[in-house]
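Novice: Here is a sequence with its predicted model. Questions after.
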Amino acid sequence: MKAAIPLPRNANLLRLTPLLFSLCMPVVHAGNGWEALNQEAVSLYQQGDHDQAIAQAKKALTLAEQELGSEHRDIAASLNNLAYMYRTRGEYAQAEPLYQRSLAIWERTLGPTHPDVATGLNNLALLYRLQGNYDKAEPLYKRSLAIRTKALGASHTDVITSLNNLAVLYTVQGKPEKAAPLYQRVLTLREKKLGMNHPDVATSAMNLAEQQLALGQTAQAEALMKRGILVRQQTLGRDHPDVASSLSRLAAVHLAQNRPADALPLQQRVLAIREKNLEPGHPDIATAMSDLADTHMRLKQLPQAQALQEKALAMREDSLGPYHIDVADSLYKLGLLQEAQNQPEQAEKFYRDALSIREKRTDNPAALAAVLSHLAALYVRQEKTEQAWPLYQKLLPLQEKALGPDHPDLVPTLTQLANRLDAQGKFAQAEPLYRRALAIQEKTLGSSHPEVARNQTNLAFLYRGQKQYEPAEVLFRQALATQEKIHGPQHLEVAAALNNLAMLYDTQGLLMQAEPLYTRSLAILEKNLGPDHPNVATGVDNLAFLYRSQGRPAEAEPLYKRSVAIMEKNYGLNSPEVSRSLYQLASLYRAMKRLDEAYALELRISRMVGTTP
């Protein structure tokens, strides 16, 4: 007789909802020769001595081939045993030809529609899935399902397993639209076969809920998860680890619905269950702490979040070592917390420590991109553009790989890169980045969104800098129309858009077109900010400069004086802001040949800055 390691008929499910299966070994009568060696290999494997198990399985296979020939069906079982051992060790290259040969023998000896052939197809498909060869796995899973359905009936346990395996394949590929209907079938069949309150039914409900969540069907996902939790509590107990996993997923649903207050007590219970079932310092306890800290952060409960995240970091460093990716995750989240508490120096340190770990890994570009993105944005806010620039250069290809070329998260990166190139005068390199960012925003946000207007303005300034005034005018006008549509005619964003368009006309010497725009912009600033705000002074200066350019110095003079008064009121008599306003007024007096007044202002300026006029 053959001693076969039974093949796992149920594939492992993803993340927090593992599908449970028992690895049972058939009773085998030990004998002499290859059968005894095969039995010994199975026993060694079960005891964890995998190297010796593989050595004995290879000897058993050689003896079996000598005794039975290379095409006997028992040879297929021995091949399958050896392949299974290699697969579970992650030695996929050694497992693949063994699974292929085993399947070929079963097909020749039993026929292409035998249930054992379906099992062989399933095993090879699982190997391909683990290798990431999804295109090879899918047809094998489908053929296995078809054989089992025809041979065993549509409601047989093995058919349910095949449906579930195919659903898992679609799940790991990120195809919830294909996985969800299969999980629904599995759930329905298990309800009929096992009853409504069986643990496997709860697992199926949770699996389906995961896919509904991915499809945005949060209400349906929430209902199924609550049902799964109830069944697991009844059958496994309130403090079972699977209950904790289910509660964690329900918390994720609440977070997806922007309901962090509802997620918080669930995550607190998850942490309590983990602490009750696991040894102190276990990585799963650290994960539960980190998740709970994230929710405290969303609720703006920053001290609680920081305390939990610091504990999680210490646990992870102690149990996993200082360079583990989970340590990087805690460091990154502590950086977010420090930034939220206006501690940029500490945030930078945490981000950099997280980055040093993430950069050594290539398996999660999205996580690396997140750290780079936040660190680069932190540098931008600190006006450390020289440090931000190389990070954004690294970030763009990572985001493209992780998110695709048209994801909205690429927009800040494209914009920052374009801004830098624009400032360097590299307009030809900046333009396609601005255009790409604008196209992504228009596609995802629509043409009447403030972010679209902002990038229209960026591109318009680029064209203005290249003296391409016509496309610049079109974009400035589009931005103005968008801001007026969103905010109404008296909003500060409208004032800024009016000023930008006026400056474009001013640059071209089209002063008549610029004047009403400057005037309207100033009126909006005064209405929203009051007559003495520094931004009002900027509007006053712009209109004064226009009057001067038009040869209307008498109208420019009171505006420049008003600008000086505003700056003195806001910044003090001897501030740099005041000196700049005084300089503009002095320049006007010189142009008007009022040299004594000009000299008096210049003398005041020189005393302010410590120079001689």
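Specialist: Good, I have the coordinates. Numbers count the residues shown, from 1 in each chain.

Novice: any low-confidence regions in the chain?
Specialist: 1-32, 610-613 (pLDDT under 70).

Novice: Find the centremost residue of it, please.
Specialist: Ala366 (5.6 Å; Cα atoms, centre = their mean).

Novice: Skipping adjacent residues, who's closest to it in space?
Specialist: Spatial nearest neighbour of Ala366, excluding adjacent residues (Cβ to Cβ, 6 or more residues apart in numbering): Ala402 at 3.9 Å. Yep, even glycine has a C-beta here, placed from its N, CA and C like the rest.

Novice: correct me, but that neighbour touches Asp363?
Specialist: No. Contact between Ala402 and Asp363 fails when scored by Cβ atoms under 8 Å: they sit 11.2 Å apart.

Novice: So for the two, which sits in the more crowded spot?
Specialist: Ala402 (16 against 7; other Cβ atoms under 10 Å).

Novice: tell me which element the more buried one falls in.
Specialist: According to DSSP states H and E, Ala402 maps onto helix 385-403.

Novice: can you map out the helices along the stretch 501-613 of the chain?
Specialist: 511-529, 534-549, 553-571, 576-591, 595-609 (DSSP state H, counting those that start in this stretch).

Novice: can you put those helices in JSON lines and add mean neighbour count?
Specialist: Formatted as JSON lines, the helices of the stretch 501-613 of the chain follow (neighbours: other Cβ atoms under 10 Å):
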{"stretch": "helix 511-529", "mean neighbour count": "18"}
{"stretch": "helix 534-549", "mean neighbour count": "20"}
{"stretch": "helix 553-571", "mean neighbour count": "18"}
{"stretch": "helix 576-591", "mean neighbour count": "18"}
{"stretch": "helix 595-609", "mean neighbour count": "15"}
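
Novice: Tabulate those (JSON lines), appending distance to Arg477.
Specialist: Output for the helices of the stretch 501-613 of the chain, formatted as JSON lines (distance: least, Cβ to Cβ, whole Å):
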{"stretch": "helix 511-529", "distance to Arg477": "11"}
{"stretch": "helix 534-549", "distance to Arg477": "18"}
{"stretch": "helix 553-571", "distance to Arg477": "26"}
{"stretch": "helix 576-591", "distance to Arg477": "29"}
{"stretch": "helix 595-609", "distance to Arg477": "39"}
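
Novice: out of these, which comes closest to Pro322?
Specialist: Closest approach to Pro322 among those (Cβ to Cβ): helix 576-591, 47.2 Å.

Novice: How far does the closest one sit from its chain's centre?
Specialist: In terms of Cα atoms, centre = their mean, to the nearest Å, the centre of helix 576-591 is found 51 Å from the chain centre.

Novice: quick one: Ile357 and Ser290, what's the gap?
Specialist: 15 Å (Cβ to Cβ, to the nearest Å).

Novice: was I right about Leu250 contacting Leu230?
Specialist: No. The pair Leu250 / Leu230 is not scored as a contact, 11.0 Å apart, by Cβ under 8 Å.

Novice: so which strand or helix has the residue lying closest to Ile229 once chain neighbours are set aside?
Specialist: Of all residues not flanking Ile229 in the chain, Ser246 sits nearest, at 4.5 Å (Cβ to Cβ, 6+ apart). Assignment of secondary structure by DSSP H and E places Ser246 within helix 241-256.

Novice: buried ones in that helix?
Specialist: 241-255 (16 or more other Cβ atoms under 10 Å).

Novice: ok, the residues you listed vs Pro531, which is closest?
Specialist: Leu255 (46.6 Å).

Novice: how close does the residue nearest to that closest one when sequence neighbours are not counted get to Arg269?
Specialist: Closest residue in space to Leu255, ignoring its immediate chain neighbours: Ala263 at 5.0 Å, by Cβ to Cβ, 6+ apart. Ala263 sits 11 Å away from Arg269, going by Cβ to Cβ.

Novice: Looking at the two, which is more packed in?
Specialist: Ala263 (26 against 18).

Novice: how close does the more buried one get to Met512?
Specialist: Taken as Cβ to Cβ, the span from Ala263 to Met512 is 60 Å.

Novice: go on, Lys300?
Specialist: Taking Cβ to Cβ, one finds Lys300 at 52 Å from Met512.

Novice: circling back to that earlier point, measure the residue nearest to Leu255 to Leu601 for me?
Specialist: For Ala263 relative to Leu601 (Cβ to Cβ), the value is 63 Å.

Novice: How about Gln513?
Specialist: For Gln513 relative to Leu601 (Cβ to Cβ), the value is 32 Å.

Novice: before we move on, what about Arg143?
Specialist: 90 Å.

Novice: What of Tyr518?
Specialist: Distance from Tyr518 to Leu601, by Cβ to Cβ: 24 Å.

Novice: for Ala437, same thing?
Specialist: Distance from Ala437 to Leu601, by Cβ to Cβ: 44 Å.

Novice: which stretches of this structure form strands?
Specialist: With DSSP state E as the criterion, the chain has no strands.

Novice: What residues of stretch 384-397 count as buried?
Specialist: So stretch 384-397, judged by 16+ other Cβ under 10 Å, has buried residues 388-389, 391-392, 394-396.

Novice: likewise stretch 106-123?
Specialist: 106-107, 109, 114-123.

Novice: Run the chain-centre distance for that stretch.
Specialist: The answer for stretch 106-123 is 42 Å, by Cα atoms, centre = their mean.

Novice: quick one, what contacts Ala244?
Specialist: Contacts here follow Cβ atoms under 8 Å, 6 or more residues apart in numbering; on that basis Ala244 touches 269-270, 273-274, 277, 288.

Novice: These into a markdown table, with extra columns for distance to Glu91?
Specialist: Listed next are the contacts of Ala244 as a markdown table, based on distance: Cβ to Cβ, whole Å:
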| residue | distance to Glu91 |
| --- | --- |
| Arg269 | 40 |
| Val270 | 35 |
| Ile273 | 36 |
| Arg274 | 33 |
| Asn277 | 32 |
| Ala288 | 33 |
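
Novice: Weed out the non-buried ones from these.
Specialist: The buried subset of the contacts of Ala244 (16+ other Cβ under 10 Å) comprises 269-270, 273-274, 288.

Novice: Show only the entries of these found in helices.
Specialist: 269-270, 273-274, 288 (DSSP state H).

Novice: will you turn these into a markdown table that also has distance to Ser43?
Specialist: Putting those into a markdown table (distance: Cβ to Cβ, whole Å) gives the following:
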| residue | distance to Ser43 |
| --- | --- |
| Arg269 | 41 |
| Val270 | 38 |
| Ile273 | 35 |
| Arg274 | 34 |
| Ala288 | 37 |
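
Novice: what about the residue lying closest to Thr444 once chain neighbours are set aside, how many residues close to it?
Specialist: Nearest-residue entry for Thr444: Pro408, 4.9 Å, with adjacent residues in sequence omitted and distances by Cβ to Cβ, 6+ apart. Using other Cβ under 10 Å, Pro408 has 14 other residues around it.

Novice: what are the ranges of the helices in the stretch 301-450 of the chain?
Specialist: 302-320, 325-340, 344-358, 365-381, 385-403, 410-423, 427-445, 450-465.
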